[in-house]
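Enquirer: no sequence on this one, just coordinates:
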């Protein structure tokens, strides 16, 4: 009687213990490559590339917040801008009225151009923010500011990143974007058009020629991707692996470390071993919290003369304001002067809960502001929240929609007609010009719209 034997399968050859060992090795290797120490060393190396681009071109560095600030040493930082990659994702291309970045026009005009710094993770050579969002922004402003120059109205994108079909689809939307910006009636000036130029660690050899060409009849916007897709040998400390786009998603790995703190303590951090880094970062963050200002002084929303937004009362203190709408957490609010009704304390929880609460309390706030303006039409009004960018912006938007005339004069008579979404967007433009990093959440703006359009 014969016996047949079947071929052994892979599971019988590869012992379970060996399989587990391989998996453990792969996970440990991945953790090593993405360690905090490797990230910080990679950021420092990529920052040298970014600063070299500034040195070569003679143009100042501007960080595309928040990621770009990691790659720009604070003494070299001429400003910050807010261009989101999501505004350049395929099929979602848009010109954002919430991110006008008008301040960049001033930097470009004063300095003859600039270098905008950002990064991208493994697998891409240029982030969508630099490949598409900024080019759309530049094309829209060119068309608005130079209506007679049809030669500068076209879209410029990097040919090796954006395909012809996608380029054509984006370009087909430009006229609509220009109309949206024109409707905001934002005042801006530029004497020469914007000319985007792209540079990565693999394309430096073309930079000088392209910048020189851009300067012939425009201001070069050098869009610098600090991280490299195929970076060769990078000088990193022993035990560190290069991490492309190391600064991305800092909330998940930085343990509270900020770009400013990183650059202030750079040498100490880069010379610390991996095991000691979390404790060192915790210590530095705790020390910084006790010595740095968390807030910033209030900013007046022009063209009004009396509506201010911020996180605190400013150097002159609360006495300089006739009415204070304080939405900061209770622990951050200063001693209130509620006996005379000067301060309206309405602390909000962070996030969507606070945005939803805004919908409930905003009608009452508007009533009290109207009463204050009836007594004193020139009343100085401060709106403060924890960040000076979200809830306070929402309330300020509601106030200037309800009580401000087109030239910024305040009146106690609330507007009863003419408020629609386009009008609200236009008034939001007032705020974005004055506070470029204002970032009202979608939920906050929805609450404002719900009250104003009711």
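Expert: Nice, thanks for sending it over. Bear in mind that the values here come from a model prediction, so they are computed numbers and not experimental data. Numbers count the residues shown, from 1 in each chain.

Enquirer: Mind listing what's buried along stretch 122-136?
Expert: 124-136 (16 or more other CB atoms under 10 Å). All C-beta atoms are positioned from the backbone trio N, CA, C, and that covers glycine.

Enquirer: Also stretch 403-414?
Expert: Across stretch 403-414, burial judged by 16+ other CB under 10 Å covers 403, 404, 408, 410.

Enquirer: Could you do stretch 176-193 as well?
Expert: Of all the residues in stretch 176-193, those buried under the rule 16+ other CB under 10 Å are 177, 178, 180, 181, 184, 186, 190, 192, 193.

Enquirer: Pipe the buried residues of stretch 403-414 into CSV and attach secondary structure and distance to residue 387 per row.
Expert: Listed next are the buried residues of stretch 403-414 as CSV, based on DSSP: H, G, I helix; E, B strand; the rest coil; distance: CB to CB, whole Å:
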residue, secondary structure, distance to residue 387
403, helix, 24
404, strand, 23
408, coil, 24
410, strand, 25
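
Enquirer: Mind putting the buried residues of stretch 122-136 into JSON lines with distance to residue 241 and pLDDT?
Expert: JSON lines is the format used below for those (distance: CB to CB, whole Å; pLDDT from 0 to 100):
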{"residue": "124", "distance to residue 241": "19", "pLDDT": "85"}
{"residue": "125", "distance to residue 241": "20", "pLDDT": "90"}
{"residue": "126", "distance to residue 241": "22", "pLDDT": "94"}
{"residue": "127", "distance to residue 241": "21", "pLDDT": "94"}
{"residue": "128", "distance to residue 241": "26", "pLDDT": "95"}
{"residue": "129", "distance to residue 241": "25", "pLDDT": "96"}
{"residue": "130", "distance to residue 241": "25", "pLDDT": "97"}
{"residue": "131", "distance to residue 241": "26", "pLDDT": "97"}
{"residue": "132", "distance to residue 241": "30", "pLDDT": "97"}
{"residue": "133", "distance to residue 241": "30", "pLDDT": "97"}
{"residue": "134", "distance to residue 241": "30", "pLDDT": "98"}
{"residue": "135", "distance to residue 241": "33", "pLDDT": "98"}
{"residue": "136", "distance to residue 241": "35", "pLDDT": "98"}
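
Enquirer: Narrow those residues to those in helices?
Expert: Among the buried residues of stretch 122-136, the members falling in helices (DSSP state H) are 128, 134, 135, 136.

Enquirer: so what's the last one up against?
Expert: Applying CB atoms under 8 Å, 6 or more residues apart in numbering, one finds that residue 136 lies in contact with 87, 88, 93, 94, 95, 155, 170, 174, 177.

Enquirer: Swap in 6 Å and give it another go.
Expert: The contact partners of residue 136, taken as CB atoms under 6 Å, 6 or more residues apart in numbering, are residue 95.

Enquirer: Against residue 254, how distant is it?
Expert: Residue 136 sits 30 Å away from residue 254, going by CB to CB, to the nearest Å.

Enquirer: and what of the third one?
Expert: Distance, residue 135 to residue 254, using CB to CB: 30 Å.

Enquirer: Ok, the second one next?
Expert: The spacing between residue 134 and residue 254, counted by CB to CB, is 25 Å.

Enquirer: closest to residue 216 among the buried residues of stretch 403-414?
Expert: residue 408 (39.9 Å; CB to CB).

Enquirer: So for the closest one, what's the nearest residue that isn't a sequence neighbour?
Expert: Distances taken as CB to CB, 6 or more residues apart in numbering put residue 303 closest to residue 408, at 3.2 Å, once the chain neighbours are dropped.
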